[in-house]
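A.B. asks: sequence first, predicted coordinates after that:
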Amino acid sequence: MSELRQEAEAIAEQFSDHLEVGPDEIEERLENLVNEYRVPLEEARRSVTNSYLDDAGMERDELGRGGTERVQVNDIDEDEQWVDLRVKLVDLWEPRSDSISQVGLVGDESGTIKFVAFETSDLPELEEGASYELSNVVTDEYEGSYSVKLNRTTGITEIDEEIEVGDNAETVEGALVDIQSGSGLIKRCPEEDCTRVLQNGRCSEHGQVEGEFDLRIKGVLDDGETVTEVIFDREATEELTGMGLEEAKDMAMDALDTTVVAEEMAEDVLGRYYRVTGPTFGRYVLVDEMEEPGAVDVESALIEARSI
């Protein structure tokens, strides 16, 4: 069975209780987008799914896949999969949007993963330190980083069990030798279930939108033997550079150019030596903690490491 056919049958199953649509029709629409318009399959699937959601008058979080299976958080490696989890709420964070009711980390023996619950889902609040069975949560992926979204169909059952949470964090160090494109002052999609970075004002899922500013650094650490790609979120970027979001916005406004922010950051941090710790998603380490070890002669350290 072709990949297009598999996607078509999966979409048909999702809408089987809501629309009279079969896999043949869906496969034809997918094939047209992928082969005629050269749209990536992932985007084509989203486009077709969104079209059927509009036809059915449904919201995305009303749409589930039957027969969800329980998985461990470190096994999550696909986007938009409906799964069950048995986890402990490790940490709650301060929501950065009024549309978010709770955000933080949940974990099991395999590690931890970010979770988000939205105000519109009208779910009971989870308590830090408590353990839960969560049914029908949906996975989300952005640039190799996975999270789970609680939705209005999510079942929440508190369990009287102490779940031991594993640590999937990794510590790497090296000289910051490159700051990649997409760093500095960026704009993210404002839709409540999306944090994708906009490209020319456009979200890959929601199209042309008015974005919300954020800070990020996508960097490369080199210890002389291994090169590691790392991502600093807004909080980590502010700590790394000493530049806050408002300062960055003012700088970009004065120059009428957002790229000056990344250039200014690069002048301050490129060539310096850092040790960072955080979970690994795809090829990136997402920085949760960082330190700048005592004085290091970066050039000498790299030369020595490469000569071993």
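C.D. replies: Arrived safely.
A.B. asks: when you work out contacts or count neighbours from here on, use the C-alpha atoms and nothing else.
C.D. replies: OK.
A.B. asks: buried stuff in the longest helix seen in the chain?
C.D. replies: Taking DSSP state H as the criterion, the chain has its longest helix at helix 41-56. Neighbour counts using 16 or more other Cα atoms under 10 Å place 41, 44-50, 52-53 of helix 41-56 among the buried residues.
A.B. asks: now the residues you listed as a markdown table including pLDDT?
C.D. replies: Formatted as a markdown table, the buried residues of helix 41-56 follow (pLDDT from 0 to 100):
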| residue | pLDDT |
| --- | --- |
| L41 | 84 |
| A44 | 87 |
| R45 | 86 |
| R46 | 85 |
| S47 | 90 |
| V48 | 92 |
| T49 | 89 |
| N50 | 88 |
| Y52 | 90 |
| L53 | 88 |
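A.B. asks: report the central residue of this protein.
C.D. replies: Taking Cα atoms, centre = their mean, the centroid of the chain lies closest to Y142, which sits 3.6 Å from it.
A.B. asks: on that earlier part again, mind listing the strands the helix or strand following the longest helix of the chain pairs with, and their directions?
C.D. replies: Following helix 41-56 in sequence order, the next helix or strand is strand 69-70 (DSSP states H and E). Strand 69-70 sits in its sheet next to strand 82-93 (parallel), going by DSSP bridges.
A.B. asks: which strand residues bridge the residue nearest to the centre of the chain?
C.D. replies: Following DSSP bridges, Y142 is listed with bridge partners S145.
A.B. asks: was I right to think it contacts R196?
C.D. replies: Yes. Y142 lies in contact with R196 (Cα atoms under 8 Å); the separation is 6.7 Å.
A.B. asks: walk me through the domains of the chain.
C.D. replies: Following the TED database, one finds the domains of the chain at 3-56, 81-158, 169-186+212-298.
A.B. asks: quick one: the helices in this protein, in order.
C.D. replies: Taking DSSP H as the test, the helices found in the chain are 3-14, 23-31, 41-56, 234-241, 245-255, 259-269, 298-307.
A.B. asks: turn the domains of the chain into JSON lines, including distance to N74.
C.D. replies: Below are the domains of the chain laid out as JSON lines (distance: least, Cα to Cα, whole Å):
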{"stretch": "domain 3-56", "distance to N74": "22"}
{"stretch": "domain 81-158", "distance to N74": "5"}
{"stretch": "domain 169-186+212-298", "distance to N74": "10"}
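A.B. asks: of those, which is nearest V71?
C.D. replies: When the domains of the chain are compared for distance to V71 using Cα to Cα, the nearest one is domain 81-158, at 6.0 Å.
A.B. asks: now do the end-to-end distance for that closest one.
C.D. replies: Using Cα to Cα, to the nearest Å, the end-to-end distance of domain 81-158 comes to 23 Å.
A.B. asks: pLDDT on it, on average?
C.D. replies: Taken as a whole, domain 81-158 has an average pLDDT of 89.
A.B. asks: 616 is where my numbering starts, stick with that
C.D. replies: Yep, numbering from 616; the last one is domain 696-773 now.
A.B. asks: now do that domain: distance to the chain's middle.
C.D. replies: Remark: domain 696-773 is offset 13 Å from the chain centroid, using Cα atoms, centre = their mean, to the nearest Å.
A.B. asks: leaving out sequence neighbours, find the closest residue to G719.
C.D. replies: Sequence neighbours aside, L707 is the residue nearest to G719 in space, at 4.3 Å (criterion: Cα to Cα, 6 or more residues apart in numbering).
A.B. asks: please report the distance of the closest residue in space to V835 that isn't next to it in sequence from M866.
C.D. replies: Leaving out its chain neighbours, the residue that sits closest to V835 by Cα to Cα, 6+ apart is E844, at 4.5 Å. Distance of E844 to M866, given as Cα to Cα: 27 Å.
A.B. asks: among the domains of the chain, which is nearest H821?
C.D. replies: Taking Cα to Cα, domain 618-671 is the member of the domains of the chain nearest to H821, at 9.2 Å.
A.B. asks: endpoints of that closest one, how far apart?
C.D. replies: So domain 618-671: terminal residues 25 Å apart, Cα to Cα.
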